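Need coordinates for the following:
(2 chains)
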Amino acid sequence: MQRRHRLILTATVFAIGWALTIALGSRALLNYESAAGTVSAVPKAWPASQVPLANDRPTIVMLAHPHCPCTRASVGELAQIMALIHGKATAFVLFSKPANVGSDWDDTGLRSSAAAIPGVTVLSDPDGAEARRFGAETSGHTLLFAADGRLLFSGGITPSRGHAGDNAGESAIISLVENRTPERAETLVFGCSLPLEDHTGSPTLASK
Amino acid sequence: MKSAAIVDPPPLDRAEELFQNHQQEIYRNTDRLFARLMLFQWAAGIVIALLISPRTWAGSTTEVQIHVWAAIFLGGAITLFPVWMTRVFPGSVATRHVVAVAQMLMSALLITLTGGRIETHFHVFGSLVFLSFYRDWRVLIPATIVVALDHLIRGVYWPYSVYGVLSASPLRTLEHAAWVLFEDFFLVVSCLRSVSEMRAIAKRTAALEASEQSSRQIFEEAPIGMALVGLDERFKQANTSLCEMMGYSEQELTERTPLDITHPDDVGSSKGLAHAMLTEAAPSSVEKRFIRKGGDMLWATRTATVIRNETGKPRHYLVMVEDISKRKHAESALRDSRRELESAHHAKQLIMDNSQDVICTIDELGRFVTVSAACEQLWGYTPAELVGRQYIEYLVHPDDHASSKTVAADLRAGRKVTGFVNRNTRKDGAIVDVLWSLSWSESDRIVFCVAHDVTERARIEKALREAKEDADRANMAKSEFLSRMSHELRTPLNAILGFGQLLERQSPSETQKKRLGYLLGAGRHLLNLINEVLDISRIEAGNLQLSLEGVRIEDALAEALDLMRPMAEERNIELSTPAPLDGECFVRADRQRLKQVLLNLITNAIKYTGAGGKATISYERLGTNAIRLGITDTGAGISPDKLARLFTPFDRLGAEHSTVEGTGLGLALCQRLMQAMEGSVGVKSTLGEGSTFWIELPITDSPLTVAALRKSESLNRENGATAGKRTILYVEDNLSNLMLVEQMLADQADIELLTAMQGRLGFDLALQHLPDLILLDLHLPDLPGWKVLEQLQRNAATCRIPVVVISADATQRQIDRLLAAGARAYLTKPIEVAEFYRVIEDMNSVAEETEVAAA
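Numbering: from 1, shown residues only, chains lettered A, B, ... in the order given. Take a look at the predicted model:
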């Protein structure tokens, strides 16, 4: 009987510890996932980019880190957007690539996933030059430009870091492409920091 | 029902118990399932984290992704506690609820680790389904609450992570919850149905168990033997009764077939039964014999039926064996009884038809019911004429009606009557005496009678009675004659021998002595002859009076030898005395009669042994209970053909033609005396060498104390005898006898003798002188001696005076009568002088004691 009481007491202590541990762990995880990346000044119009702006339809540009696991969710959401808009927009995914890495550094599964999305053009962004042009600092940052070069949308297309699912960014892009008014034109971006080199050169975009 | 419940509380609901057991088993099994599942999920989470997001990047720098740590540590935290609970508290409510919470937390973690893939969300619904495996809808509550709280908390604090917007609509929360609740609803319904089915199963199982228990109990506790026999005809199971019946254990039976324990004579008929049953629906029942383990036979009824499964396929046989040995024995006994009854009936009919006695039954009203054929011979009526008739009124003599009715009443009271005789009147008017044996049967209310014609027997009995009365009278006459003859012969002999002995004491000349010897010898021979005739007569009449006591056999022999030594010396016969016995030996005998036998045998040894011969006396102990005394002579011996006649009275075996004197009564008398003393006498003889006569007597205890007392008394008497002068009164009508006694007492200076020749005078003298002793003859002229004795006894003055009767009447009846009337002693004539003196001495002692007592 005494042993059983001890067990119950132990279980109670364990249960309390368990709940606290899970609560703290979950909180830390959620904090991590909910921590939005930084965003610098985003151009209001199509910048002087090597990426060609489509003149007959909106153009979607996503800046991504080829190794960021969180961006997998963003690519997934992009695939969903592309499926929903049925070619009404042109999309580019620019994978930033530091200068001092090998040629295959950005040859990742994420890039392959992005390349497999119909209507999406995948380009390497050496030194993150294009990222800087588009004002992106966080992987997964997605921008929508109208055919006339106006910025329609800027932000992430995931509800949290690396988390797929309905989100305001995705809804906004679809709405804009469909000529509807979105709830929001900006969202938070969740993802890894892009590898942006601080120099003035103008590296050339490359496709693989 | 209510009162029954109060008196005897119902037992634990077995169905509820089974349900709870089953439910608990499900809880534990599901606990184990979740323990494994959660460990798997934990591992899967780590793998997923490592595969999907092993590292995170910040520019070109990288580090381990937090998902990996979350998978390891948070996943571990979520997993380990519930797993521990399933091990420590398996099946408990708390465990289930902790598991439910953990499972939903694990869903959240996995969704996070997979980047919120929509597919991973199915884990939530899958987990709920898994939780419903508990079949406890309540575990869905904490699971649902966790989902709700997850959404609620994240919706409040991290809404972007749930809804992708910073402020979500409550409807989204409701929508999310609705899906979960939607599934919960079906799962709850499923759980409740499942529980309901479990209860139903438990009830059915309980009912089945109860049924099986009943069947098992019926099987095990059945008073008849029961067994399950396989289709291979081997015992599969046997109950206790069968094992006890057959003497085998259940294990031993299962190693056998029913045929193995079947009686060899019944094996043939039993062989096809099993196969026949497979084709027949009805059970088969046969009576057969089994052989028990001990080898003895058992009669039993074997009933067998085929047990089939639900498809009708035979599974095994159910065999029931009932011990009918007792019934068989009873049937056998009944058959025997019937046979006996038939035999008895047949015998009874034979007896009824052929018996000389009438066998009949009479009802309680006294009417004949059945009568055997012999009635015609007894009463002259045929059975048909008697049946229905009142027996007493119809047949019994009127004078015997009353006694017959009394007997009838006694019979009905339950008494059995045998030997009842009454007189019946025959058809021809003749009177017959009928002896009845009657027995009343209470159950049949009937009297069983056997009537026997005893008319002739009654006549013979009457004749016998008359003949016996005649014989008794003749015997009385003979006794009277012997008494008279004894008296008449002894009276003159008394004078002859008495005076002869007195003359011997008066120093006669040699010639006179020789003549006196002839005189006394002839007188004694005649006296012996009379005595022996009287003894034989007494013994044969059963009147011999013996005083059996412990007699020292050596003393008796010494006394006899003292008497016989002169005779032996006279005839030049060496009389060899035996060596003393090792220790004293007392035999149970009458001292005088024993001495008489010894004298007789020693006399014979001396008489029948020639001069110079030898007579040797010897003892031989026969164990511890008897002794044999043998007298061996060296005479001519006796031929075997004569030995058989040796103890026949008056048969002297040819010695009557010799010079040897004898009466032929001695040995006959010896034999009868020894038999009367519970001893025996015998002889072995070799012709030409001699004979050995022996007597055997039972050994008895030493009467030392009595002897010592008697000796002491004797000494006292002797001392007292010399104290003063004594007076003796002798009443006798015969002058010679008076003179004889006077002569015998002449030498006794201390005795004064008074005489009277008439009874009345004797009585007067007794009153006048109050003598110390009275000698009384019985045949007196004026008054019989017994009358004188009676008067002396009646008178206070004379009643204490000792009276000695001296009479020639030596019949025992007379002696007994006088002793009973008050006489102290009885001397027979002719008087033995020595005995006379001894009696005088004894009476003097008694007289002295009387005086002392009177003083």
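
so where do the helices sit in the stretch 501-650 of chain B?
In the stretch 501-650 of chain B, the segments counted as helices under DSSP state H, counting those that start in this stretch are B:510-541, B:553-570, B:591-607, B:640-643.

ok, and the helix or strand in chain B with the lowest average confidence?
In chain B, the helix or strand scored least confidently by mean pLDDT, DSSP states H and E is helix B:2-7, which has a mean of 37.

same thing with chain A?
helix A:2-34 (a mean of 88).

does chain B sit close to it?
Yes: Helix A:2-34 comes into contact with chain B (C-beta under 8 Å from any C-beta of the partner chain), by way of A:7, A:11, A:14-15, A:18, A:21-22, A:25-26, A:28-30, A:32-34. (Glycine included, C-beta is placed from N, CA and C.)

Packing partners of that helix?
Helices and strands touching helix A:2-34, by 3 or more C-beta pairs under 8 Å, 6 or more residues apart in numbering or on different chains; DSSP states H and E, are helix B:66-69, helix B:75-88, helix B:93-113, helix B:159-163.

Determine how far the shortest one lies from the middle of the whole chain.
To tie it back to what came earlier, the one meant is helix B:66-69. How far helix B:66-69 lies from its chain's middle: 103 Å, per C-alpha atoms, centre = their mean, to the nearest Å.

Can I get that helix as PDB, trimmed to CA atoms?
Output in PDB follows, covering the C-alpha atoms of helix B:66-69 (Å, rounded to 0.1, in the frame of the first residue of the first chain):
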ATOM      1  CA  ILE B  66      15.900  23.000 -33.500                       C
ATOM      2  CA  HIS B  67      13.500  20.500 -34.800                       C
ATOM      3  CA  VAL B  68      16.100  17.800 -34.300                       C
ATOM      4  CA  TRP B  69      16.400  18.800 -30.600                       C
END
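
Only the buried members of the residues of helix A:2-34 next to chain B: can you turn that into a ChimeraX selection?
Buried residues among these (16 or more other C-beta atoms under 10 Å in any protein chain shown), as a ChimeraX selection:
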select /A:11,14,15,18,21,22,25,26,29,30,32,33,34
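
which one of the residues of helix A:2-34 next to chain B is nearest B:Phe499?
Among those, A:Leu7 lies closest to B:Phe499 (C-beta to C-beta), at 142.4 Å.

quick one: B:Asp733 is in a strand?
No: going by DSSP: H, G, I helix; E, B strand; the rest coil, the assignment for B:Asp733 is coil, not a strand.

how near is it to chain A?
131 Å (C-beta to the nearest C-beta, to the nearest Å).

In contact with that residue: list those residues for me.
Applying C-beta atoms under 8 Å, 6 or more residues apart in numbering or on different chains to B:Asp733 gives the contacts B:Met757, B:Gln758, B:Asp777, B:His779, B:Leu780, B:Pro781.

again, only this time at 7 Å
With contacts defined as C-beta atoms under 7 Å, 6 or more residues apart in numbering or on different chains, the neighbours of B:Asp733 are B:Met757, B:Asp777, B:His779, B:Leu780, B:Pro781.

what's the burial count for the nearest residue to it once chain neighbours are set aside?
In space, and not counting its chain neighbours, B:Asp733 is closest to B:Met757: 4.8 Å by C-beta to C-beta, 6 or more residues apart in numbering or on different chains. By other C-beta atoms under 10 Å in any protein chain shown, 17 other residues sit near B:Met757.

any idea of the pLDDT on B:Met757?
On the pLDDT scale, B:Met757 is placed at 80.

swap in B:Pro9?
39.

re earlier: out of the contacts of B:Asp733, who's nearest chain A?
Distance to chain A across the contacts of B:Asp733 (C-beta to the nearest C-beta) is lowest for B:Asp777, with 124.5 Å.

Go ahead and confirm that closest one touches B:Ile806.
Yes: counting by C-beta atoms under 7 Å, B:Asp777 does reach B:Ile806; the two are 5.9 Å apart.

Of those two, which one has the most company?
Comparing B:Asp777 with B:Ile806 by other C-beta under 10 Å, the one with more neighbours is B:Asp777, at 26 against 23.

Return the residues in contact with the more buried one.
With contact taken as C-beta under 7 Å, 6+ apart, B:Asp777 is in contact with B:Val731, B:Glu732, B:Asp733, B:Gly785, B:Ile806, B:Ser807.

got the phi/psi numbers for it?
Main-chain torsions, B:Asp777, degrees, to the nearest 10: phi -90, psi 160.

if I look at the closest residue to it other than its chain neighbours, how far off is B:Asp809?
Excluding its sequence neighbours, the residue lying closest to B:Asp777 (C-beta to C-beta, 6+ apart) is B:Glu732, at 4.4 Å. B:Glu732 is 14 Å from B:Asp809, where distance means C-beta to C-beta, to the nearest Å.

who's more crowded, these two?
Comparing B:Glu732 with B:Asp809 by other C-beta under 10 Å, the one with more neighbours is B:Glu732, at 25 against 22.

residues in contact with that one?
Counting by C-beta under 7 Å, 6+ apart, B:Glu732 touches B:Leu738, B:Thr755, B:Met757, B:Asp777.

which one of the residues you listed is nearest A:Thr38?
Each of those was scored against A:Thr38 by C-beta to C-beta, and B:Asp777 proved nearest at 184.6 Å.

okay, the closest one: pLDDT?
90.

Can you give me the neighbour number for B:Gly429?
Applying other C-beta under 10 Å, I find that B:Gly429 has 7 neighbouring residues.

B:Glu209 looks like it's in a strand, true?
No: using three-state DSSP, the assignment for B:Glu209 is helix, not a strand.

Name the nearest residue to it, ignoring sequence neighbours.
Nearest residue to B:Glu209 in three dimensions, chain neighbours excluded: B:Arg14, at 6.5 Å (C-beta to C-beta, 6+ apart).

List the residues that contact the most centrally placed residue in chain A.
Relative to the mean C-alpha position of chain A, the nearest C-alpha, by C-alpha atoms, centre = their mean, is the one of A:Gly140, at 1.6 Å. Residues near A:Gly140 by C-beta under 7 Å, 6+ apart: A:Met62, A:Ala64, A:Cys70, A:Thr71, A:Ser74, A:Gly156, A:Thr158, A:Val189, A:Phe190, A:Gly191.

Quick one, grab the pLDDT at it.
Looking at A:Gly140, its pLDDT stands at 94.

Then B:Ser214?
Note on B:Ser214: pLDDT of 82.

and the helix or strand containing it, what other elements does it pack with?
For B:Ser214, the host element (DSSP states H and E) is helix B:170-221. Helices and strands touching helix B:170-221, as assessed by 3 or more C-beta pairs under 7 Å, 6 or more residues apart in numbering or on different chains; DSSP states H and E, comprise helix B:14-52, helix B:118-132, helix B:140-157.

Kindly recompute the last result at 10 Å.
Where contact means 3 or more C-beta pairs under 10 Å, 6 or more residues apart in numbering or on different chains; DSSP states H and E, helix B:170-221 is packed against helix B:14-52, helix B:118-132, helix B:140-157, helix B:159-163, strand B:225-230, strand B:235-238, helix B:240-246.

what are the ranges of the helices in chain A?
In chain A, the helices defined using DSSP state H lie at A:2-34, A:71-85, A:109-115, A:129-134, A:168-177.
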